[in-house]
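In: Based on what follows, work out the 3D shape:
(one chain, ligands or ions: 1)
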Amino acid sequence: MSLVHELDQVQVLRNRIADLEALLHDKEQELNQERQNSDRKIRTLTENLPIVLYTIDTEGTVTLSEGKGLAKLGSTPGQSVGQNIFEMYKDHSESQKWIRKALAGESVQSTMSLGSIHMQTWHSPIYDEAGTISGVLGLAIDVTEQKQSEIQLQESHNLLQLVLDTIPVRVFWKDLNSTYLGCNRLFAQDANFATSQKMVGMTDYLLYPDNADAFRADDVKIITSGKSQLNFEEPQLTPDGKQMWLRTSKIPLRNIAGEIVGVLGTYDDITERKQSEIELRESKNRLEMALDGAHLGSWDWDLNTNRTLFDARYEKMLGFEAGELAGESPTHQSEIHPDDMPQMLAQVTAYVEGKSNDYSAEFRTKTKSGEWKWISAKGQFVERDANSKPVRLAGVNQDITARKHADEERETLLANEREARREAQEALRMKDLFLATMSHELRTPLNAMIGFQHLMLFSQQLDADNSHMAERSIANSQRLLNLINNILDISRIATGGLKIVPVTMSPRQLAQGIGTDLSFQAKEKGLNLNVEVADNVPDSITHDEERIGQIMLNLVGNALKFTEKLGTITMRLRCTNERLVIEVQDTGIGIPASQKHVIFDDFVQLDNSSTRKHQGAGLGLAIVKRLALLMQGSITVESEIGMGSTFVVTLPINLNPESYQ
Ligand code: ADP
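Out: Modelled structure (predicted):
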């Protein structure tokens, strides 16, 4: 090869080198341009984004510090260059740790809080061309706003949870399969869970197997229809077996896109209310039954509107259909009997004015068919306004027509009975008056006749036969006079005309006198008559001498009458227990035990045959008993058939004259 040729070759190489150099230069230019562009881009980025970009060498010396985020930290781009990061953050051990980790070859991502500023940081090792770590590249992004929103979100979440846990309502939400996603504290407690967190993932089939099908059916209906179900009441058995009543609302749960993702439900425990409702219903039923049983209708009168609500029972009572009397005036006045209206209104007024404890009235009211029914109304104020003025009067009405009719009938019967008694008393009075008058009228001429008969007998002008007839005439007249006297006494006692006249007297003398008077009669009949007066009988007492004499005469007279020949009659006088006792004993025919109680009645004779041999009208003992009673005494009899009788009259020893005035 020639030198020229070689030289040409060199030239060619030189030219190529020159070309390559030019190319290299262009490339360098291009690279510079690119680097500058890239730097500009990074600067633009760091200048405009809230970030901090920094590099640190292995000693911790800051070699780059750029970015808009520096302003937040109170620094400017490049300000920290040359400072030692470990010095700068000597109080922030966390960030020192990250940088050391990055220097050891780890990429570290973390969050850093400097006061109120929050940064998200990344630290990565920087390698030189030999692959050795020459420093750390750090990037921090200001996430304060994001952090604050997170805090706010958490706070509002906490607030929501607090609200959910505080309200007295159970809240829960489930996914499309009715699996619980969450709930509030009360709901968790009902399911026997300590925290609401424990509910997550549960299903009703696990918690409430008895009700689960019904709950699931509700959920499905809401999920498929997209419609809410509000305020429906349902029973629920708690896990520990208690019956609860819930008022539940369920609404579809939607995501932001509006798609149904589950069910949100709320319910409150209305067990207590339901229980009171049940009790109220039961007591209302009992009340209804009581009202029905007592034939009572109720009413409720609004005093402000002057309208009254009558219940169906009252409407039925008057023959109306239920609701026909709705809103009637309280008295439905046109239908109250005009005669009863004033009294009824007076009762209302008296109650309104506080003059009576309750409203109570009886009145007639017209039924639908136009008849009058008697009503008994009773009521009380059930509501007052703020000034204590009564605004509602309520009560019951009772149909008392039947009772009222019975009261009428009873009054008629009573009136008839009163009239009959009055007539009977009048007849009795007329009889007594008649007897008294007639006895008097009979006695006067009879006394005169007896007088004349005695005169005839004692004139000694009559032969033996006529004398005998005169004696018999006197005896018969005397019998008639006795009878008339007895009738007069009985009628006088009955009319109150016979007066007891206490005088000073000697019972002993009286008894002995009567014994003497009747001794002739006793002797004639062949009887012994004795009078025995005990020593304890006072010589002088205050008593009705005539009436005691009448008692003795009657009893001894009967003894003489009813004792056969050779018998003995004894009249005894004594004082026992502060009483004067007159005892008349005979040995006569006696009185059957069954008759002892009737012999003291008027006109009673045990032998009332036409053939009886004893005289009398059956008035003697009746008079004796009445006289004894008039003198606050008594009479008894002891007797045995065929053996005799003993009559005992007991009187006070003395009579108080003032009592007999
Ligand atoms: P009378 O005028 O008939 O005696 P009383 O009222 O005195 O009426 O007596 C009523 C009846 O009582 C008599 O009829 C007689 O049957 C009976 N009686 C009264 N006293 C006696 C007596 N001592 N012994 C037996 N019976 C007597």
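In: can you confirm residue 376 is in a helix?
Out: No: assignment of residue 376 by DSSP: H, G, I helix; E, B strand; the rest coil gives strand, placing it outside any helix.
In: how about it, what does it touch?
Out: Contacts for residue 376 (C-beta atoms under 8 Å, 6 or more residues apart in numbering) come out as 360, 361, 362, 397, 398, 400. Backbone N, C-alpha and C define where each C-beta goes, glycine included.
In: Same question for residue 188.
Out: Residue 188 touches 194, 195, 196, 198, 199, counting by C-beta under 8 Å, 6+ apart.
In: what about burial for those, which qualify?
Out: Listed as buried from those are 196, 199; burial here means 16 or more other C-beta atoms under 10 Å.
In: Closest one of the contacts of residue 376 to the ligand?
Out: Checking these against the ligand by C-beta to the nearest ligand atom gives residue 400 as the nearest, at 55.4 Å.
In: Hmm, residue 377 and the closest one touching each other?
Out: No: contact criterion C-beta atoms under 8 Å: residue 400 and residue 377 do not qualify, at 10.0 Å.
In: ok so, going back, include secondary structure when you put the contacts of residue 188 into TSV, please.
Out: Conversion of the contacts of residue 188 to TSV gives the following (three-state DSSP):
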residue	secondary structure
194	coil
195	coil
196	helix
198	helix
199	helix
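In: Relative to residue 302, which of the contacts of residue 188 is nearest.
Out: Using C-beta to C-beta, residue 196 comes nearest to residue 302 of the contacts of residue 188, at 49.9 Å.
In: Any figure for the gap between that closest one and the ligand?
Out: 110 Å (C-beta to the nearest ligand atom, to the nearest Å).
In: Residue 6 too?
Out: From residue 6 over to the ligand (counting by C-beta to the nearest ligand atom), the distance is 205 Å.
In: Assign that residue to one of the three secondary structure states.
Out: Per three-state DSSP, residue 6 ends up helix.
In: Run through the residues of the chain sitting next to the ligand.
Out: 558-559, 562, 586, 588-589, 591, 599, 604-607, 616-622, 645 (C-beta under 6 Å from any ligand atom).
In: Centroid-nearest residue for this structure?
Out: In the chain, the residue lying closest to the centroid (C-alpha atoms, centre = their mean) is residue 283, at 9.6 Å.
In: Could you pull up the contacting residues of residue 116?
Out: Contacts of residue 116 by C-beta under 8 Å, 6+ apart are residue 144.
In: 6 Å instead, please
Out: With contacts defined as C-beta atoms under 6 Å, 6 or more residues apart in numbering, residue 116 has no neighbours.
In: just residue 652 next, same as before
Out: Applying C-beta under 6 Å, 6+ apart, the residues contacting residue 652 are residue 632.
In: Apply 7 Å and report the result again.
Out: Taking C-beta atoms under 7 Å, 6 or more residues apart in numbering, we find residue 652 in contact with 579, 632, 633.
In: any idea of the pLDDT on the second one?
Out: Confidence per residue is given as pLDDT, and for residue 632 that number is 94.
In: Could you tell me how many residues sit around it?
Out: 14 (other C-beta atoms under 10 Å).
In: excluding its backbone neighbours, what's nearest it?
Out: Counting by C-beta to C-beta, 6 or more residues apart in numbering, residue 632 lies nearest to residue 652, which is 5.5 Å off, once chain neighbours are set aside.
In: repeat for residue 590
Out: Closest to residue 590 by C-beta to C-beta, 6+ apart is residue 641, at 4.2 Å.
In: Report the separation between that neighbour and residue 657.
Out: The spacing between residue 641 and residue 657, counted by C-beta to C-beta, to the nearest Å, is 43 Å.
In: cool, and residue 644?
Out: Distance from residue 644 to residue 657, by C-beta to C-beta: 37 Å.
In: Next: residue 527.
Out: To residue 657, residue 527 is 38 Å away according to C-beta to C-beta.
In: ok, now residue 103?
Out: 149 Å.
In: Could you double-check that residue 489 sits in contact with residue 498?
Out: Yes: assessed by C-beta atoms under 7 Å, residue 489 is found in contact with residue 498 at 6.4 Å.
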